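Q: Predicted model and sequence follow; I will ask about them next.
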Amino acid sequence: MIKINNLGMNKATNRELFAVHLKNAGELDEKLDLTSRYFVCFLCWDDSTNDTRDAISDFAGILLISGGVYFCVWGKGCSRVHDIIDLASYEQGQENESVIMTSWHEDESLDDALWFFLNSAFPDDRYFDECRAGVAITIGSTSECVARVDFALKFSEEFSTQVLHKKDI
């Protein structure tokens, strides 16, 4: 069983924030049990280029049945992961009147991608009212990356201020 760390609340979006740290995608082998029916997901995948399409699709499938409705993907090869999540959503028969949102942030810093996840990732209207969680998942990430993700979630207001202040300079 994987460990899901509750790191606090994002007041800007009224979402509970959770972190899951994995060595590889195969470690996620069961549905996530969260406090919200739907969630926004940040995938910090250090390097997905060596993972097969099927492995990424299986991983995405678990997140989709767990209630993932918006996926922000960051890291080497993240545009490919983004596309596979889109396809997995389609293959699972996603309802026509709603959309599973995805974004990839390959050319952005980790901080910028995390800021987007915390402040700009809003699901399709169908899911909006019941989307009260944000989950950041690191896969094969360095200890520095894991620490930054945890800081961003635990101190989301301070983190967002830091990122915006860097932009003003």
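A: Here it is on my side, so go on.

Q: hey, let's count contacts and neighbours off CA atoms from now on
A: Noted.

Q: Distance from the chain centre to the helix or strand bottoming out on mean pLDDT in the chain, please.
A: None of the helices or strands of the chain scores lower by mean pLDDT, DSSP states H and E than helix 156-168, at a mean of 87. In terms of CA atoms, centre = their mean, to the nearest Å, the centre of helix 156-168 is found 19 Å from the chain centre.

Q: what do you get for stretch 73-89?
A: 11 Å.

Q: Tell me the secondary structure of the nearest residue to Ile62 once chain neighbours are set aside, please.
A: Leaving aside its chain neighbours, Ile62 sits nearest to Lys31 (5.7 Å; criterion: CA to CA, 6 or more residues apart in numbering). Judged by DSSP: H, G, I helix; E, B strand; the rest coil, the three-state class of Lys31 is coil.

Q: Would you mind measuring from Lys31 to Ala133?
A: 15 Å (CA to CA, to the nearest Å).

Q: between the two, who's got more neighbours?
A: Between Lys31 and Ala133, Ala133 has the larger neighbour count (other CA atoms under 10 Å), namely 23 against 13.

Q: Okay, and that one sits in which element?
A: Using DSSP states H and E, Ala133 sits within strand 131-139.

Q: Flag every buried residue along the helix or strand following that strand.
A: For strand 131-139, the following helix or strand on the C-terminal side (DSSP H and E) is helix 143-154. By neighbour count with 16 or more other CA atoms under 10 Å, helix 143-154 contains the buried residues 145-146, 148-150, 152-154.

Q: With stretch 68-87 instead?
A: Those would be 68-82, 84-86, for stretch 68-87 by 16+ other CA under 10 Å.

Q: which residues touch the most centrally placed residue in the chain?
A: The residue lying closest to the centre of the chain (CA atoms, centre = their mean) is Phe42, at 1.6 Å. Residues in contact with Phe42 (CA atoms under 8 Å, 6 or more residues apart in numbering) are 71-74, 114, 117, 134-137.

Q: from these, which is closest to Glu27?
A: Ile137 (11.5 Å; CA to CA).

Q: Next secondary structure after the helix or strand containing Phe71?
A: Applying DSSP H and E as the criterion places Phe71 in strand 68-76. Per DSSP H and E, the first helix or strand lying C-terminal to strand 68-76 is helix 78-91.

Q: helices or strands up against the helix or strand just after that next one?
A: Next helix or strand after helix 78-91 toward the C-terminus (DSSP H and E): strand 101-104. Packing partners of strand 101-104 (3 or more CA pairs under 8 Å, 6 or more residues apart in numbering; DSSP states H and E): strand 68-76, helix 78-91.

Q: Can you list the neighbours in contact with strand 101-104?
A: 69-74, 78-79, 82, 85-86, 123-124.
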